[in-house]
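J.: here are the coordinates; sequence isn't available:
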């Protein structure tokens, strides 16, 4: 008799081992984190929408979409490179999987650098967390909070990609671990798909 | 099917999804320059964003391969969004100033 059967009468070891939705526990944990985090971002973006709607003189400070278009291109491309990394990992090609993971991390660093450049440009024009030169201070507060929360996720993702990539190459982590990190990275990309229209494109100066 | 054949097909699918996502992002930027009201723009931008997110979830995050997990994620996300939209009483006060503010 197995240990599980001894400790849990009426439950076989096979029943105990059956994962939820046939998803391994580590992957399920990442999905639960993603669902919880998506609720956080949804809360932020819905609050932003209500406040924007309730403020009559909402500023439209963005004159160019070049920077945000480039950031979007980089982040979407990083999702593709992450897919390549996972595919190579599943085929057991460690060298290629690690290389694509590093390329994904570099894309993340480029995205963060462009984001910071944009931030410093806005700070240079007088926008801070509590001050907005174009009107209501709520704009700056929400802009820096929402994009800052996303940037924090990107930064965390880059660190995770490098750490997991190195450990995968060293043999301590498996292809599944790289795939789980990839799930997080795709989620960061997914959030950006909503941040861009709500925070940038709706506030474009015409 | 050989491993290389399967790999090429997967890479082709990934590239197709990536191309669709780029095209949809391009449509969003195009919509942003249209001379329409803010509410119309919001509606169109969010529609495109939802399609983009759906593609990313189904193909990049492999939800298309797991029916149970797909429904779990969909139901939970819709419940959260509807809850925020209609259950968050303060949101109505922010928008309209009524009825709870009176």
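T.: On my side now, so go ahead. Predicted model, so just to flag it, every value in this text is computed and none were measured.
J.: quick check, pLDDT for residue A:101.
T.: For residue A:101, the pLDDT comes out at 97.
J.: now the one 5 residues further on
T.: We note a pLDDT of 98 for residue A:106 in this prediction.
J.: buried residues in the strand or helix carrying it?
T.: Counting by DSSP states H and E, the element that carries residue A:106 is helix A:94-124. For helix A:94-124, a neighbour-count test (16 or more other CB atoms under 10 Å in any protein chain shown) marks A:94, A:97-112, A:114-115, A:118-119, A:122 as buried. Backbone N, C-alpha and C define where each C-beta goes, glycine included.
J.: and stretch B:42-62, by the same measure?
T.: For stretch B:42-62, by 16+ other CB under 10 Å, it's B:42, B:44-46, B:48-49, B:52-53, B:55-57, B:59-62.
J.: and what of stretch B:12-28?
T.: B:14, B:17-18, B:21-22, B:24-25, B:27-28.
J.: near chain A, list only the ones from the buried residues of stretch B:42-62.
T.: B:42, B:45-46, B:48-49, B:52-53, B:56-57, B:60-61 (CB under 8 Å from any CB of the partner chain).
J.: which ones among the residues you listed are found in strands?
T.: Among these, DSSP state E puts none in strands.
J.: how about TSV for these, with pLDDT and distance to residue A:31 added?
T.: As requested, these are arranged in TSV below (pLDDT from 0 to 100; distance: CB to CB, whole Å):
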residue	pLDDT	distance to residue A:31
B:42	89	29
B:45	94	27
B:46	92	24
B:48	97	25
B:49	96	21
B:52	96	20
B:53	94	15
B:56	95	14
B:57	93	11
B:60	92	14
B:61	92	9
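J.: go through these and name the one nearest chain A.
T.: Among those, residue B:45 lies closest to chain A (CB to the nearest CB), at 3.6 Å.
J.: just give the nearest non-adjacent residue to that closest one, would you?
T.: Using CB to CB, 6 or more residues apart in numbering or on different chains and skipping residues adjacent in sequence, the residue nearest residue B:45 is residue A:197, 3.6 Å away.
J.: over to residue A:192?
T.: The nearest residue in space to residue A:192 (CB to CB, 6+ apart) is residue A:75, at 5.3 Å.
J.: surely that neighbour touches residue A:189?
T.: Yes. Between residue A:75 and residue A:189 there is a contact at 5.1 Å, judged by CB atoms under 8 Å.
J.: what comes into contact with stretch A:63-80?
T.: Applying CB atoms under 8 Å, 6 or more residues apart in numbering or on different chains, the set of residues contacting stretch A:63-80 from outside is A:62, A:103-104, A:107-108, A:110-111, A:114-115, A:117-118, A:185-186, A:188-189, A:192, A:196, A:200-201, A:204-205, B:14-15, B:18, B:21-22, B:25, B:29, B:32, B:56, B:60.
J.: touching chain B at all, stretch A:32-48?
T.: Yes. Residues of stretch A:32-48 are located near chain B by CB under 8 Å from any CB, namely A:35, A:38-39, A:42-43, A:46-47.
J.: the top helix by length along chain B vs chain A: in contact?
T.: Counting by DSSP state H, the longest helix found in chain B is helix B:3-32. Yes. If you take CB under 8 Å from any CB as the test, helix B:3-32 does meet chain A, through B:3, B:7, B:10-11, B:14-15, B:18, B:21-22, B:25, B:28-29, B:31-32.
J.: against which helices or strands is that helix packed?
T.: helix A:66-90, helix B:38-55 (3 or more CB pairs under 8 Å, 6 or more residues apart in numbering or on different chains; DSSP states H and E).
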